[in-house]
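> attaching a predicted model along with its sequence, questions to come.
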Amino acid sequence: MTEQIGYLVLSTGDVLEGKWLGAARQVEGEMVFNTAMTGYQEVMTDPSYAGQIVTMTYPLIGNYGINDIDNESIKPFLKGFVIANPCHTPEHYQSSSTLLEMVEKYEIPTLYGIDTRALTRIIRDHGEVYGKMTTNESDLPKNCAVDSDIVKQVSVTEIKQFHTTKTTGDEIPHIVVMDFGYKHSIVHSLLDLGCNVTVVPFDTTFAKIHELDPDGILLTNGPGNPKDLSYLAANIKEIAESIPTLGICLGHQVVALAFGATTKRLPYGHRGSNHPVKDLLTGKVLITSQNHGYVVDIDSVNKDDWQVSHVNVNDKSVEGLIHRNKNVMTVQFHPEAHPGPIDTHNIFVNFISQVKAKGVKQHA
Ligand SMILES: NC(=O)CC[C@H](N)C(=O)O
């Protein structure tokens, strides 16, 4: 294994020295930190990290290996990975390869031996931080914001169909998933609840979606700045107004934008698996999985049409919206978890109930 020295040079002027896990692969991108103590495989394969260099605050990564079931997409899309201590001797009955093998297979630029908690403090103090993973410590990152067409880079280009094996009666709702960079767990959650699923490209038109004859629409998570998708607003509004709709994370943000709200950047994002969210309808606090850098501006939400259903306990930001007259609900957190707790699984259950209440069509 290589012991080659590598550097993480930050736009703040800080330089952190580490070693390359696998080959040296120079890359630059937006720095973000994730505080989950487990779930590194799901984090590495979540398409919402496309264009970003991810660091894990938890120091030991790779200790339960890499398995064949927890990938959240067809391949990792993150730009780089920065960790403290990699484990080369994993122990888990489902483990089929190691972190190093994963990093090499997908050529993920990875540095280890970095004090990732000190790095996280720098990101928290400065907010928007860019980093360059390099072999040359005087190699400064440029302003490498995430590409404005990043969703196009991760979305499917062709329709994909999935059939449920868990029928709960004779009604099988058909859910069309608009793919902004979907996590596989979202589709698994729908299949487990007895739905058939069609995944379509993020920019599929209302007319095309109508031809697919869905009972419900799910707009997924995805990378980048939601405002870069403002050009889709009219299409998204038309879809959400006509068909029961659930938006998750980026899906929540683009629905809010389509109905006239605005989004803004959070100081340093919410990424981890223990973010407390208050459900304002039940008064309960739920522990949620999160991964976002932008948020819907609460003051911009039209309160005549929308009810704020969830708020973040830590910073009071919007975590969920329900339309007062249409069948539209959206959440900023991840009800599919993976990684993280399943406190909010009911979001899917409620959505499917709403779809069924509207009447499931007989599909050929
Ligand atoms: N997971 C997501 O869907 C993230 C949404 C958006 N890219 C953000 O950072 O806020």
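Yep, it's here.
> flag every residue of the stretch 101-250 of the chain that's near the ligand.
By Cβ under 6 Å from any ligand atom, the residues of the stretch 101-250 of the chain that approach the ligand are 221-224, 226, 249-250. Bear in mind the C-beta positions are built from the backbone N, C-alpha and C, glycine included.
> report the secondary structure state of Gln161.
Secondary structure assignment for Gln161 (DSSP: H, G, I helix; E, B strand; the rest coil): strand.
> the residue nearest to it when sequence neighbours are not counted: helix or strand, and which one exactly?
Counting by Cβ to Cβ, 6 or more residues apart in numbering, Gln161 lies nearest to Thr198, which is 5.2 Å off, once chain neighbours are set aside. Assigned by DSSP states H and E, Thr198 belongs to strand 196-201.
> how close does Asp68 sit to the ligand?
24 Å (Cβ to the nearest ligand atom, to the nearest Å).
> I meant Lys237, not that one.
Taking Cβ to the nearest ligand atom, one finds Lys237 at 19 Å from the ligand.
> and that residue, how many neighbours?
Residues within reach of Lys237, counting by other Cβ atoms under 10 Å, total 18.
> repeat that for Glu238.
Using other Cβ under 10 Å, the number of residues around Glu238 comes to 16.
> and it, which of the three is it?
Going by three-state DSSP: Glu238 is helix.
> in CSV, list the residues of the stretch 101-250 of the chain next to the ligand along with neighbour count and pLDDT.
Putting those into CSV (neighbours: other Cβ atoms under 10 Å; pLDDT from 0 to 100) gives the following:
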residue, neighbour count, pLDDT
Asn221, 26, 98
Gly222, 28, 98
Pro223, 25, 98
Gly224, 27, 98
Pro226, 26, 98
Cys249, 29, 98
Leu250, 29, 98
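> contacting residues around the closest residue to Gly216 other than its chain neighbours?
Nearest in space to Gly216, with sequence neighbours left out and distances taken as Cβ to Cβ, 6+ apart, is Val355 at 4.0 Å. Contact analysis of Val355 by Cβ atoms under 8 Å, 6 or more residues apart in numbering lists 173, 175, 215-216, 244, 327.
> ok, residues contacting whichever helix or strand comes after the strand holding Thr198?
Where DSSP H and E defines the elements, the next helix or strand beyond strand 196-201 is helix 206-211. Helix 206-211 is contacted by residues 176, 178, 200, 217, 235, 238-239, 242-243 when judged by Cβ under 8 Å, 6+ apart.
> pLDDT below threshold where in the protein?
Residues of the chain meeting the criterion pLDDT under 70: 1-2, 364.
> now with 50?
Nowhere does the chain drop to pLDDT under 50.
> show me how the record splits it into domains.
Domain assignment for the chain by automatic domain parsing gives 5-134, 150-358.
> including distance to Pro141, could those domains go into TSV?
Compiled in TSV, the domains of the chain are given as follows (distance: least, Cβ to Cβ, whole Å):
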stretch	distance to Pro141
domain 5-134	4
domain 150-358	17
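> so which of those is nearest Cys144?
Closest approach to Cys144 among the domains of the chain (Cβ to Cβ): domain 5-134, 4.6 Å.
> coming back round to it: of the contacts of Val355, which is the most crowded?
Neighbour max across the contacts of Val355 (other Cβ under 10 Å) = Ile175, 28 neighbours.
> that one pairs with what?
Residues in a beta bridge with Ile175, per DSSP bridges, are Val197, Gly216.
> that one contacts Pro214, correct?
Yes. Contact criterion Cβ atoms under 8 Å: Ile175 and Pro214 qualify, at 6.4 Å.
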